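J.: any chance you can model this:
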Amino acid sequence: GKTMDLSTAFGLIIGLGLIVLAILGKQGDLSSFLDATSIGIVLGGTFAATLVNYPIKNVLGIFKVLGQVFRKSDLSHQRVINELVDKAEKSRKTGIMSLEADLGNIDDKFLRSGLELAINERDPARLRNYLELEMSNIDRRHNLGQEIFLYMGAYAPAFGLLGTVLGLIIMMSNFGGTGDTGIGAVDFDVAKRFEDLLGGMGMALITTFYGVLFSNLLFLPMAGKLKRKSEEELMMKDIMLEGIIGIHAKDHPIILREKLMTFVPQRERLEEE
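T.: Residues are numbered from 1 along each chain as shown. As a prediction, the model looks like this:
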């Protein structure tokens, strides 16, 4: 089962909330920080650079990966261990072929395919190789999603700075005299243009603001979250792998449970006891 990962949602809300409160406390108006062009340069440039770096199918796949950031798995260590021990008991009593009838009721794809292999494969070494190869492929897919977000986190500030430089170049190219005669007219014109320049610099710097914001509040933290989730999932797969190997080897359910419990953090073991 899947539920929403509240820590991700709370982190984004707290981060954005603090920024909004800081802006309102100092300026009292958010409108000057809302600039569609700046957002377009940062997000559009980041997406374009990512397309240059990766095949389009991998880049479009980040929207599916993004869902993993906001979902939390309800699959627990104890639940998986209990299921494996139950399968071990049934296998010892009625034979490993009897597990074939239960395959349709197993939700996890890795566990289902692993037990199916255990039923049909006699050599334990080959069975372990198959399962380890599948885990390696899962790890490789996970690393690709993490890597894309890490690169996006590096691209976003760079395009924010690029947008700022472009804005400053455009403003400086428009900064100059109008050719009016008279000291007063020239002084007034220069003062007005200098005021416009300062205002324009503030607008140009917003692009850097968005680059830093998207990088450090979205892309890099999401890459870190995916890494943590990948580690948790692979540890769960390790439990399943050893459980499948134990079932195939006809290990006693009590011994199998003790072996699988070594994967469980000490705090959870104490709670179970």
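J.: who's in contact with E116?
T.: E100, L103 (C-beta atoms under 8 Å, 6 or more residues apart in numbering). Every residue, glycine included, has its C-beta placed from N, CA and C.
J.: pretty sure E242 is touching E258, no?
T.: No - assessed by C-beta atoms under 8 Å, E242 is found out of contact with E258, at 11.5 Å.
J.: and these two? Which one has more around it.
T.: For E242 versus E258, the count of surrounding residues by other C-beta atoms under 10 Å is larger for E242: 19 against 11.
J.: per-residue pLDDT, the more buried one?
T.: E242 is assigned a pLDDT of 95 by the prediction.
J.: list the contacts for the nearest residue in space to G15 that is not next to it in sequence?
T.: Take G15 and drop its neighbours on the chain: the residue closest to it by C-beta to C-beta, 6 or more residues apart in numbering is L217, 4.8 Å away. Residues in contact with L217 (C-beta under 8 Å, 6+ apart) are L12, G15, L16.
J.: distance of L217 from S7?
T.: To S7, L217 is 14 Å away according to C-beta to C-beta, to the nearest Å.
J.: for T94, same thing?
T.: 43 Å.
J.: what do you get for N120?
T.: N120 is 41 Å from S7, by C-beta to C-beta.
J.: where in the protein is pLDDT low?
T.: 1-2, 27-28, 174-203, 268-273 (pLDDT under 70).
J.: hey, where'd the helices end up in it?
T.: Here the chain has its helices, by DSSP state H, at 6-26, 36-53, 56-60, 62-69, 77-94, 109-120, 124-173, 183-213, 220-248, 253-261, 266-272.
J.: out of these, which gets nearest to A101?
T.: Comparison of those against A101 by C-beta to C-beta identifies helix 77-94 as nearest, at 9.7 Å.
J.: for V42, give me its contacts.
T.: A156, F159, G160, G163, T207, Y210, G211, F214.
J.: how close does the third one sit to I206?
T.: What it means is G160. From G160 across to I206, the span is 9 Å (C-beta to C-beta).
J.: these two: which has the busier surroundings?
T.: Under the criterion of other C-beta under 10 Å, the comparison of G160 against I206 puts G160 first, with 26 against 21.
J.: now the more buried one. Nearest residue, chain neighbours left out?
T.: For G160, ignoring the flanking residues on the chain, the nearest one in space by C-beta to C-beta, 6+ apart is G211 at 1.9 Å.
J.: that neighbour and F159 touch, don't they?
T.: Yes - taking contacts as C-beta under 8 Å, G211 lies within contact range of F159: 5.9 Å.
J.: list the buried residues of stretch 8-15.
T.: Residues of stretch 8-15 classed as buried: T8, L12 (neighbour count, 16 or more other C-beta atoms under 10 Å).
J.: S136 and R79, how far apart?
T.: S136 is 25 Å from R79, by C-beta to C-beta.
J.: same question but for F63, I mixed them up
T.: 30 Å.
J.: can you check G104 too?
T.: Between G104 and R79 the computed distance is 18 Å (C-beta to C-beta).
J.: looking only at neighbour counts, state which of those two leads.
T.: R79 (10 against 7).
J.: for S73, see how far away that one is.
T.: Look at R79 and S73: by C-beta to C-beta, they are 11 Å apart.
J.: before we move on, what about G246?
T.: Counting by C-beta to C-beta, the gap from G246 to S73 is 23 Å.
J.: more crowded one of those two?
T.: Between G246 and S73, G246 has the larger neighbour count (other C-beta under 10 Å), namely 23 against 14.
J.: excluding its backbone neighbours, what's nearest that one?
T.: L256 (4.3 Å).
J.: that neighbour and Y130: what is the separation?
T.: Relative to Y130, and taking C-beta to C-beta, L256 is found at 20 Å.
J.: so these two - more neighbours on which side?
T.: Neighbour tally, L256 and Y130, criterion other C-beta under 10 Å: the higher count belongs to L256, 24 against 18.
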